[in-house]
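Asks: Need a 3D model of the following:
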Amino acid sequence: MSSVVSEPAILHQVAIGLGERSYPILIGSGLLGAPACWRDLPAAPAAMIVSNSTVAPLYLQRLAGALQGRFRKVHHVVLPDGEAHKDWATLNAVFDALLAHACDRKTVLFALGGGVVGDMTGFAAACYMRGVPFVQVPTTLLAQVDSSVGGKTAINHPLGKNMIGAFHQPVRVVCDLDTLATLPARELSAGLAEVIKYGPIADMGFLDWIEEHLAALLARETGALAEAVRRSCEIKAAVVGQDERESGLRAILNFGHTFGHAIEAGLGYGEWLHGEAVGCGMVMAMQLSRGLGLVDDALVQRVTRLVRAAGLPVQGPRLGADRYLELMRVDKKAEGGDIRFVVIESPGRAGVRPAPEPLVREVLERCTA
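Replies: Residues are numbered from 1 along each chain as shown. As a prediction, this is how the structure comes out:
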């Protein structure tokens, strides 16, 4: 358990508007151990905290202590850490724990960890007894600005990332910025990839802000992190509120992900962090957008410089164009085997469209080493 405990302070609150399934995102410091953050959750006799072997020693007891006054029993299950474990076997460990403790359909699950824990806990919540409530408690920057928000839950398959899952919205997201103090520098940079993406796809003013405050973000200044999480969540909330199940607009949030998921699957899950692959994938997507005549070289270079300055790779692994194309055809945006890419149609506006294979091969040749 971390020895640093700050006074709780909710700095920002963002609402996800989905009718009866609307929920708040709380952003602040010292929230993990604050009973007020958990007081009005659904009534239930038991809670189950799902965490991993890295995060649990730091924060599980603090969260469990805060939940004691709300639930008669607070159980927990600790999973192995890493993208390589985002699979059926690990998911079954969650079901094993729920059944071993005779958890019923009112049991509230708490996802305490990064994107892998959040995705698997959400998927388990969607499946257990055909659906139980869950709360996202993201402890990485990437999870706080992206994966904990919007209800997309999944596990990986050897042939494709996040290909088996369900839409299942949390009842709350609690982003305690204090948990970012223990985040390795590499993980912090990975999270910045998902922050950066919101600029080119939706808000060039936010891109300006990121460039101006990148040093503060890398130094983990609370004010800068709070603003980055707030604005990222606002943009994602606006998109999810219009297109919850990714039938159209929501696909723009996958900017850089078609290339990035191919990198992750091609190298083996966990070799590159998700955010590293997305950062590199954004550079590839920018090059593709320029090749389609949608943006100029100045914007391509601007995004590339920012990705590099955030500590992320801008050259992908040389898997070979054929292998990239094979993997990208398994992407969820593909239709009838035709690859569709999120491209920047103009600064601050994205769209989804196919691209000529010769151009895609040219981009892969230029952007891999």
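Asks: Just give me how far stretch 138-147 sits from the chain centre.
Replies: 5 Å (Cα atoms, centre = their mean, to the nearest Å).
Asks: Ok, stretch 165-182 next?
Replies: 9 Å.
Asks: tell me which residues of stretch 115-122 are tucked away?
Replies: Gly115, Val116, Val117, Gly118, Asp119, Met120, Thr121, Gly122 (16 or more other Cβ atoms under 10 Å). (Glycine included, C-beta is placed from N, CA and C.)
Asks: ditto for stretch 174-186
Replies: By neighbour count with 16+ other Cβ under 10 Å, stretch 174-186 contains the buried residues Val174, Cys175, Asp176, Leu177, Asp178, Thr179, Leu180, Leu183.
Asks: Next, the distance between the ends of that stretch.
Replies: 23 Å (Cα to Cα, to the nearest Å).
Asks: Report the mean per-residue pLDDT for that stretch.
Replies: Averaging pLDDT along stretch 174-186 gives 97.
Asks: for the chain, what spans make up the strands?
Replies: Here the chain has its strands, by DSSP state E, at 9-16, 23-29, 46-52, 73-79, 108-113, 134-138, 152-157, 160-167, 172-176, 340-346, 349-354.
Asks: Work out which residue lies at the spatial centre of this structure.
Replies: What sits nearest the mean C-alpha location of the chain, by Cα atoms, centre = their mean, is Ser147, with 2.4 Å.
Asks: what sits against that residue?
Replies: Contact partners of Ser147, counting by Cβ atoms under 8 Å, 6 or more residues apart in numbering, are Gly114, Gly115, Gly118, Asp119, Pro138, Glu194.
Asks: Dump those to JSON lines, plus distance to Pro8 and pLDDT.
Replies: Shown next, in JSON lines, are these (distance: Cβ to Cβ, whole Å; pLDDT from 0 to 100):
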{"residue": "Gly114", "distance to Pro8": "22", "pLDDT": "97"}
{"residue": "Gly115", "distance to Pro8": "24", "pLDDT": "96"}
{"residue": "Gly118", "distance to Pro8": "22", "pLDDT": "98"}
{"residue": "Asp119", "distance to Pro8": "27", "pLDDT": "97"}
{"residue": "Pro138", "distance to Pro8": "17", "pLDDT": "98"}
{"residue": "Glu194", "distance to Pro8": "25", "pLDDT": "97"}
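Asks: Tell me the one among the residues you listed nearest to Arg305.
Replies: Glu194 (17.9 Å; Cβ to Cβ).
Asks: Look at the closest one and say how many residues are nearby.
Replies: The number of residues packed near Glu194 is 29, by other Cβ atoms under 10 Å.
Asks: can I assume it is in contact with Gly281?
Replies: No: in this structure, Glu194 is not within contact of Gly281 by Cβ atoms under 8 Å, at 11.3 Å.
Asks: now stretch 191-210, how far from the centre of its chain.
Replies: 15 Å.
Asks: quick one, what contacts the nearest residue to Val300 once chain neighbours are set aside?
Replies: Of all residues not flanking Val300 in the chain, Met286 sits nearest, at 4.5 Å (Cβ to Cβ, 6 or more residues apart in numbering). Shown in contact with Met286 (Cβ under 8 Å, 6+ apart): Pro200, Val295, Leu299, Val300, Val303, Thr304, Ile344.
Asks: Try it again at 10 Å.
Replies: Shown in contact with Met286 (Cβ atoms under 10 Å, 6 or more residues apart in numbering): 200, 255-256, 294-295, 297, 299-304, 307, 314, 343-344, 363, 367.
Asks: which of the residues you listed count as buried?
Replies: By 16+ other Cβ under 10 Å, the contacts of Met286 give 200, 255-256, 294-295, 299-300, 302-304, 307, 314, 343-344, 363, 367 as buried.
Asks: next one: phi and psi at the residue lying closest to Arg329 once chain neighbours are set aside?
Replies: Using Cβ to Cβ, 6+ apart and skipping residues adjacent in sequence, the residue nearest Arg329 is Gly337, 5.4 Å away. Gly337 has phi and psi values of phi 80, psi -10 when expressed as degrees, to the nearest 10.
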